[in-house]
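Peer 1: One predicted model, sequence on top.
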Amino acid sequence: MAAIDDIMQKVLDAVPFQLSLDDGVEAARKRFRELSRRPLHPEVDAQDYSIDGPGGPVGLRIYTPPNAIAGHPVVVFLHGGGFVLGDLDSYDAAAREHAVGADAIVVSVDYRLAPEHPFPAAPDDVWAALEWTALNAPSFGGDAKLIAVAGDSAGANLAAGAALRARDSGLGLAFQLLWYPSVVWDTSLPSFTENADAPILDTPTVAAFSAAYARHVNLAEAPATLIPARGDLFEAASAYIAVAGHDPLRDDGIRYGELLAAAGVPVTVDVAESLVHGYIAYSGVVPAATEATGRGLAALRAALHD
């Protein structure tokens, strides 16, 4: 595996950040919220909504690019944060970048977080948001028949699970874009050892997030809404899976790509060998991250517009 990109390493040295729950959930959330984030694409309109969910209101933020016309494609975007961290504000820039990069209306979902709301709260909220989007897309200029899902890390897990549930429910999705996903949950894969002490996300933190979210679940009997790789992948939406070389989750995403391909699902797996977990947050700062992010967004755009 290639060394960490030189510019990426300089940024990590200058602005060090490591995901961790060692000092508690609230402290971790505060650190995550206070991370410096570049404002992106102010030209994209953003409106907040609240819908009825299975456990109470679910917040949505709908982003509309300035060139959108009636019947525009829609992307349901699911933020990362290990099922424990993250919200609409901390992923505002990422949602805006998806709106512009994919030329699509983006519906960002503020699903419930663990440990207060463990599995299946998050996938249930996501499903409610996806159903609402399919029913109401025309009301905000979207095309109900041209919907994709995209997710970052834990959000990619939720996106992959929602894609399988959509197939089973007859809600056809155009595409699934999975950024460095956790979808196989097999810690014997080599990258969990090779990248045990990786920047941003290390193997102990993966375990801590998993425990906060699904400690109560017998993983041997876990449903596809928790571990998508355990599901029947036949006729799942076409996929683009982006992974980073210096990430414990690298081989998780690669393995899921192999499983999708074996099930006959069109899939592209992009391995950004010199990057780290969470690299889309460094798009526009680290050229290698900008390029890797651009490849994923171009695939999403092509699926929605070609």
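Peer 2: In hand now; what should we look at?

Peer 1: Surely Gly179 is in contact with Gly296?
Peer 2: Slight slip there: residue 179 is Trp, not Gly. Yes - the pair Trp179 / Gly296 is scored as a contact, 6.8 Å apart, by Cβ atoms under 8 Å. Backbone N, C-alpha and C define where each C-beta goes, glycine included.

Peer 1: Overlap of the contact sets of the two?
Peer 2: Ala242, Ile280 (Cβ atoms under 8 Å, 6 or more residues apart in numbering).

Peer 1: And the two? Which one has more around it.
Peer 2: Trp179 (28 against 24; other Cβ atoms under 10 Å).

Peer 1: Can you name the residues bridging to the more buried one?
Peer 2: Asp152, Ala242 (DSSP bridges).

Peer 1: Need the pLDDT of it.
Peer 2: Note for Trp179: predicted pLDDT of 99.

Peer 1: show me what contacts it?
Peer 2: Gly80, Ala150, Gly151, Asp152, Ser153, Gly155, Ala156, Ala242, Ile280, Gly296.

Peer 1: Look up phi and psi at the residue nearest to Asp87 when sequence neighbours are not counted.
Peer 2: Spatial nearest neighbour of Asp87, excluding adjacent residues (Cβ to Cβ, 6 or more residues apart in numbering): Asp110 at 5.8 Å. Dihedral angles of Asp110 (phi, psi; degrees, to the nearest 10) stand at phi -100, psi 70.

Peer 1: Which residues are in contact with Asp110?
Peer 2: Neighbour list for Asp110: Val58, Gly59, Leu60, Arg61, Asp87, Leu88 [criterion: Cβ under 8 Å, 6+ apart].

Peer 1: now swap in Gly257 and tell me
Peer 2: Ala239, Ile241, Val267, Thr268, Val269.

Peer 1: cool, Ala150 as well?
Peer 2: With Cβ under 8 Å, 6+ apart, Ala150 has these contacts: Val75, Val76, Phe77, Leu78, His98, Ala102, Ala159, Gln176, Leu177, Leu178, Trp179, Leu300.

Peer 1: Just the closest of those residues to Ala3, please.
Peer 2: Minimum distance to Ala3 across the contacts of Ala150 is 21.7 Å, recorded for Trp179 (Cβ to Cβ).

Peer 1: Format the contacts of Asp110 as a markdown table; extra columns: secondary structure, pLDDT and distance to Glu34.
Peer 2: Formatted as a markdown table, the contacts of Asp110 follow (DSSP: H, G, I helix; E, B strand; the rest coil; pLDDT from 0 to 100; distance: Cβ to Cβ, whole Å):
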| residue | secondary structure | pLDDT | distance to Glu34 |
| --- | --- | --- | --- |
| Val58 | strand | 98 | 25 |
| Gly59 | strand | 98 | 20 |
| Leu60 | strand | 98 | 24 |
| Arg61 | strand | 98 | 20 |
| Asp87 | coil | 97 | 13 |
| Leu88 | coil | 97 | 16 |
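
Peer 1: any idea which of those residues is closest to Ser139?
Peer 2: For those, the nearest to Ser139 is Leu60 (12.4 Å; Cβ to Cβ).

Peer 1: I'd say that closest one and Ile105 touch.
Peer 2: No - look at Leu60 against Ile105 with Cβ under 8 Å: they stay out of range, at 11.5 Å.

Peer 1: Tell me which of the two has more neighbours.
Peer 2: Ile105 (26 against 20).

Peer 1: close enough to count as contact, that one and Pro73?
Peer 2: Yes - the pair Ile105 and Pro73 passes the contact test of Cβ under 8 Å, sitting 7.1 Å apart.

Peer 1: Overlap in contacts, those two.
Peer 2: Common contacts of Ile105 and Pro73 (Cβ under 8 Å, 6+ apart): Gly142.

Peer 1: quick one: Ala137 from Met8, how far?
Peer 2: Separation of Ala137 from Met8 (Cβ to Cβ, to the nearest Å): 37 Å.

Peer 1: Over to Ala224?
Peer 2: According to Cβ to Cβ, Ala224 stands 34 Å off from Met8.

Peer 1: Same question for His79.
Peer 2: Computed as Cβ to Cβ, the His79 to Met8 distance reads 22 Å.

Peer 1: where does the stretch 51-200 of the chain dip in pLDDT?
Peer 2: Under the criterion pLDDT under 70, no range of the stretch 51-200 of the chain is flagged.

Peer 1: can you do 90?
Peer 2: Low-confidence segments of the stretch 51-200 of the chain (pLDDT under 90): 67-70.

Peer 1: Strands of that one, start to end?
Peer 2: With strands called from DSSP state E, counting those that start in this stretch, the stretch 51-200 of the chain shows them at 56-64, 72-78, 105-110, 142-152, 175-179.
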